[in-house]
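[1] Need coordinates for the following:
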Amino acid sequence: MHSTVQCNQKLWESMGRFGAAMAALLLCAVAYDEGVAGRRRRARPADAAGPESPRRRGPDARRRPDPDDPRPRRRRRAVDADLRNARGESRARRAPLAMATRREGDLHLVEEPAAVPPAAADGSRYVFVGGTHGSGTSLLYKLFGAHGSGTFSCFHDTRVVEDEGQKLQDVYPTASRLGGPCSYATNADAYLDERLPADAATGTRLLQRWLPWWNRSKPVLVEKSPPDVIHSLWLQNAFAGRHSAFVFLIKHPYSIVIGGGSQWEKRCRRTPADVDAFLDNWLASYGKLEADAPRLRRAYLLRFESWLASVDGAWRLFDALVAKLLARPQRRRKLYYHAAAGEPVDIRLPNMSSWALETEPRRLAKYEPRLAHFGYSLKSRALGELPPALRTILLTE
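    Predicted coordinates for the structure are as follows:
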């Protein structure tokens, strides 16, 4: 009996200590809430009530990260701002990231379309970079964005793969919706000339989606999408009245599908049927370019193997291309990646012999004559002559 009473006493003592602790916590919480409410009710100082106050709310409000704020989120914002300042990026360039956006599959769209100037009053120059996937369009696009003259503006930090313009618009279908990078050009819906009107209204819709991602203070605005190789004439008509030019790249299809190491290139060679589909896609793409080239006002073609035969030659040909686009002689400048300030651009020569030659009679009989028309062969890595329509736009030193 005595032990039972002793246990009950200990239990009541423990419950009393627990209740006291809970009461103390409750008092602390109430005091904290009253302190926060008091600070909120406290009158703002006179110098904080002006339009430049960071506490101001409204359409002109602008949050400036405080470098001394210990909170991690604010610290990350401050570091990002310092990096942008070091790279010399303007607020207009970063504005889309603060705008309302939405994702639709592989698209990343800006909810607030940009105001598009009339064609007659538009002083910008538009450059479209195209070629089959794996032909070197991303390398050329980075060189434009890193050009030391500050003349070119490219899409950057768009949160889509390779910052491709096709994924920042909803006017025409993307390559992924038409069969993917291995077969989109064999889909009849990919050819916009007969299916989508290329008028001023269409061009305005495209610019409404693209302009927020460009730095419009720069005179030359560059857009890169591999399907531009089959959309060139349609884009020229949609941008009628505006200053537009096209740059295309062509590369041996086997060096892409057999020698490539990216995920999509591996998917394109999983089976013999996949390789055949990519060859058909390659032939359809450059067949369309061959048909459109005579009607393009300003178009230039880079042959990947000739362009990157040597480092010095690659730079000279790039300088020649810039001179053509700007219509003035180009003096060699110091180039930097736009994504890392102070880190110089380096052109690394690819391994042109990293892929095996074809020996299968069926594939040779089906594709060898058609590829020979474009100066390529499945039995040899030697380069032949391009067709006349492509030779007229081929850029050489």
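[2] From residue 191, how far out is residue 244?
    Residue 244 sits at a distance of 19 Å from residue 191 (criterion: Cβ to Cβ, to the nearest Å). Yep, even glycine has a C-beta here, placed from its N, CA and C like the rest.
[3] nope, residue 108 is what I meant
    25 Å.
[4] Residue 388 too?
    23 Å.
[5] The two - which one has more neighbours?
    Ranked by neighbour count (other Cβ atoms under 10 Å), residue 388 and residue 191 place residue 191 first, with 17 against 10.
[6] Go ahead and confirm that one touches residue 288.
    Yes: the criterion here is Cβ atoms under 8 Å, and residue 191 meets it with residue 288 at 7.3 Å.
[7] Between these two, which contacts overlap?
    Here residue 191 and residue 288 have residue 230 as joint contacts, going by Cβ atoms under 8 Å, 6 or more residues apart in numbering.
[8] buried ones in stretch 216-232?
    218, 220-232 (16 or more other Cβ atoms under 10 Å).
[9] next one: stretch 283-298
    For stretch 283-298, by 16+ other Cβ under 10 Å, it's 283, 284, 285, 286, 287, 288, 289, 290, 292, 293, 296, 298.
[10] Extract the C-alpha set from it and format it as CSV.
    Taking Å, rounded to 0.1, in the frame of the first residue of the first chain, the C-alpha atoms of stretch 283-298 are listed here in CSV:
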residue,chain,number,x,y,z
LEU,A,283,17.8,13.7,-95.9
ALA,A,284,14.3,15.3,-95.6
SER,A,285,15.7,18.3,-93.6
TYR,A,286,18.4,19.2,-96.1
GLY,A,287,16.2,18.4,-99.1
LYS,A,288,13.9,21.0,-97.8
LEU,A,289,16.7,23.5,-97.3
GLU,A,290,18.0,22.8,-100.9
ALA,A,291,14.5,23.6,-102.2
ASP,A,292,14.2,26.8,-100.1
ALA,A,293,17.7,28.2,-100.4
PRO,A,294,17.2,30.0,-103.7
ARG,A,295,14.3,32.0,-102.2
LEU,A,296,16.1,33.0,-99.0
ARG,A,297,17.3,36.6,-99.1
ARG,A,298,20.2,36.2,-96.6
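[11] so what pLDDT did the nearest residue to residue 163 once chain neighbours are set aside get?
    Spatially, and ignoring its direct neighbours in sequence, residue 163 is nearest to residue 155 (4.1 Å; Cβ to Cβ, 6 or more residues apart in numbering). pLDDT for residue 155: 91.
[12] In contact with residue 155, which residues?
    163, 164, 165, 168, 210, 213, 214, 223, 224.
[13] before we move on, what about residue 273?
    Contacts of residue 273 (Cβ under 8 Å, 6+ apart): none.
[14] In a helix, it, correct?
    Yes: assessed with DSSP: H, G, I helix; E, B strand; the rest coil, residue 273 lies in a helix.
[15] Could you check how far it is from residue 232?
    As judged by Cβ to Cβ, residue 273 and residue 232 stand 29 Å apart.
[16] Show me where the chain has its helices.
    2-41, 72-87, 91-98, 137-145, 200-210, 228-238, 253-257, 263-267, 272-292, 304-307, 311-326, 361-372, 388-391 (DSSP state H).
[17] pLDDT averaged over the third one - what is it?
    The pLDDT scores in helix 91-98 average 42.
[18] How many residues are close by the closest residue to residue 221 other than its chain neighbours?
    Leaving aside its sequence neighbours, residue 221 sits nearest to residue 214 (Cβ to Cβ, 6+ apart; 4.7 Å). Counted with other Cβ under 10 Å, the neighbours of residue 214 add up to 25.
[19] contacting residues for residue 214?
    Here residue 214 is in contact with 93, 153, 154, 155, 221 (criterion: Cβ under 8 Å, 6+ apart).
[20] how near is the residue nearest to residue 163 to residue 177?
    Going from residue 155 to residue 177 by Cβ to Cβ gives 19 Å.
[21] And for residue 324?
    Taking Cβ to Cβ, one finds residue 324 at 33 Å from residue 177.
[22] Check residue 387 too.
    Taken as Cβ to Cβ, the span from residue 387 to residue 177 is 30 Å.
[23] and residue 373, what does it touch?
    residue 387.
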